[in-house]
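Q: next input, structure requested:
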Amino acid sequence: MRRRKFRTNLNSFLVIFIAFIIVLTSSLFRSCKFNEKHEIIESSSSIKVLFTRYDEIIPNIKFYIDNAKNSIYLAVFEIGNEELAKSLINAKKRGVDVKVVTDEQNADYKGLREIIENNIEVVFQNRQSYMHHKFAVIDSEIVITGSMNWTDNDIFLNDNNVVIIRSKLLANNYLKEFEQMFKYKKFSREKQKIGNNIIMIDGLRIENYFSPQDKPSKRIIEIINDAKKTIDFMAFSFTHDRIAKAIISAYERGVKVSGLFEKRQISKFSEYEKFKNLKMNVYLDKNPKNMHNKVIIIDSFIIITGSYNFSYNADNDNDENVLIIFSKEIALKYLNYLNRLIQ
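A: Below you'll find the model as predicted:
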């Protein structure tokens, strides 16, 4: 009787032990590869941040174009700078696969015409919405994005930020976005979700969203709602009431808010007067040209940037991309940059 009871207890123990090993192995596998949010781990990558009027933009971008070996896929709202256009043309001549997507309303730029004349295939978006991206993917592993159009004004006169990231996983997201527009001629609400919204690069968390399929405002509002101490922003256009309400709610619970608006975009639809009336620290840009950034910095740690203006059109109609970077070091660069623009 005792032997039977012992055997029963031993069997029960073995079943529990095997189940524990299975659960532990599964958990370890998930922690290495992905979790329920489809988080993917990647190493040996790098992130570079540049600011127009302060950093050497053209030499940095040319470096990646001139060293491209296989492919350059460009989706930019305005393409006018002739030096970058020549680099793309030279890349095409040495056998690199160069393809371009842009918005039809900007078809008259000289740089773009030279690209077309040199047999680089260009797809135009001709709908009422904007193909408002400003990104390039080089050799399926380097992503160049941010708020900057490839024009003389945006490079030399306007205030913009440029983010250069080496990551095959992130590049794959942008390649899928590019393919929908270039290959399948799908824009705006015709596009499908890409997935893989969360990627780890050198231990840093990066989230990646596209408009309109991902409705980036949802995630932006979630992050604002979690703000503990500070919200700083730079906004070329800020007319999105729900994002504004989230910032106001944070301000009312004690979060310090500071923001810079482009003065030419102040209208009855802008959130500027609303914020100013609540005694927030908001400022109008002093650049005689445009402050073209679209940036929010949360708790000196989370940076939201990309082509996405804080507007309903950007959320619901335009082709846009958003990066959310979790990094104190990179956040500090943006905060120092914001302080330079405010002074």
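Q: quick one, phi/psi of the residue nearest to D139 when sequence neighbours are not counted?
A: Among residues not flanking D139 along the chain, N70 sits closest, at 5.1 Å (CB to CB, 6 or more residues apart in numbering). C-beta: built from backbone N, CA, C; applies to glycine. Main-chain torsions, N70, degrees, to the nearest 10: phi -120, psi -50.
Q: same deal with the one 5 residues further on?
A: A75 has phi and psi values of phi -130, psi 100 when expressed as degrees, to the nearest 10.
Q: and it, how many neighbours does it have?
A: By other CB atoms under 10 Å, 28 other residues sit near A75.
Q: again with the one 5 residues further on
A: Here the number of neighbours of G80 (other CB under 10 Å) works out to 21.
Q: mind listing what it touches?
A: Contacts here follow CB atoms under 8 Å, 6 or more residues apart in numbering; on that basis G80 touches 106, 109-112, 149-152.
Q: what is the burial count for the residue nearest to D139?
A: The burial count for N70: 11, using other CB under 10 Å.
Q: contact partners for it?
A: By CB under 8 Å, 6+ apart, the neighbours of N70 are 96-97, 139-140.
Q: so where do the helices sit in the stretch 101-250 of the chain?
A: Secondary structure of the stretch 101-250 of the chain (DSSP state H, counting those that start in this stretch): helices at 110-117, 152, 168-182, 216-225, 241-252.
Q: nearest to K191, of those helices?
A: helix 168-182 (4.9 Å; CB to CB).
Q: ok, back up a step: ok, and the most crowded of the contacts of G80?
A: Using other CB under 10 Å as the neighbour test, the contacts of G80 are led by W150, with 27 neighbours.
Q: okay, the helices of the stretch 101-250 of the chain, which one's buried deepest?
A: Mean neighbour count (mean count of other CB atoms under 10 Å) peaks for helix 168-182 among the helices of the stretch 101-250 of the chain, with a mean of 20.
Q: other SSEs contacting it?
A: For helix 168-182, the elements it packs on are strand 40-42, strand 71-76, strand 97-103, strand 121-125, strand 134-138, strand 142-146, strand 198-201, strand 204-211, judged by 3 or more CB pairs under 8 Å, 6 or more residues apart in numbering; DSSP states H and E.
Q: out of these, flag the one nearest I330.
A: Set against I330 and scored by CB to CB, the helices and strands packed on helix 168-182 come closest in strand 204-211, at 8.0 Å.
Q: tell me what that closest one is packed against?
A: If you count contacts as 3+ CB pairs under 8 Å, 6+ apart, strand 204-211 packs onto helix 168-182, strand 198-201, helix 216-225, helix 312-316, strand 320-326.
Q: least reliable of these going by mean pLDDT?
A: Here the lowest mean pLDDT among the helices and strands packed on strand 204-211 goes to strand 198-201, at a mean of 94.
Q: now that one, how far from the centre of its chain.
A: The chain centroid and the centroid of strand 198-201 are separated by 13 Å under CA atoms, centre = their mean, to the nearest Å.
Q: buried residues of that strand, list them for me.
A: The neighbour-count check on strand 198-201 (16 or more other CB atoms under 10 Å) flags 199-201 as buried.
Q: elements contacting it?
A: Judged by 3+ CB pairs under 8 Å, 6+ apart, the packing partners of strand 198-201 are strand 40-42, helix 168-182, strand 204-211.
Q: could I have the CA atoms of that strand written out in PDB?
A: Taking Å, rounded to 0.1, in the frame of the first residue of the first chain, the C-alpha atoms of strand 198-201 are listed here in PDB:
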ATOM      1  CA  ILE A 198       8.200  46.800 -31.100                       C
ATOM      2  CA  ILE A 199      11.900  46.100 -31.800                       C
ATOM      3  CA  MET A 200      14.900  46.100 -29.400                       C
ATOM      4  CA  ILE A 201      18.000  47.700 -30.900                       C
END
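Q: circling back: do you know which of the helices and strands packed on helix 168-182 lies nearest Y54?
A: Nearest to Y54, of all those, is strand 142-146, at 13.6 Å by CB to CB.
Q: what angle sits between that closest one and strand 320-326?
A: For strand 142-146 against strand 320-326, the angle by axes from the mean of the first three to the mean of the last three CA atoms, to 10 degrees is 100 degrees.
Q: got a list of contacts for strand 142-146?
A: For strand 142-146, contacts defined as CB under 8 Å, 6+ apart pick out 61, 64, 133-138, 160-167, 170-171, 174, 305-307, 321, 323.
Q: buried residues in stretch 80-97?
A: With burial defined by 16+ other CB under 10 Å, the residues of stretch 80-97 counted as buried are 80-81, 84-89, 91-92, 96.
Q: with that, I have no additional questions.
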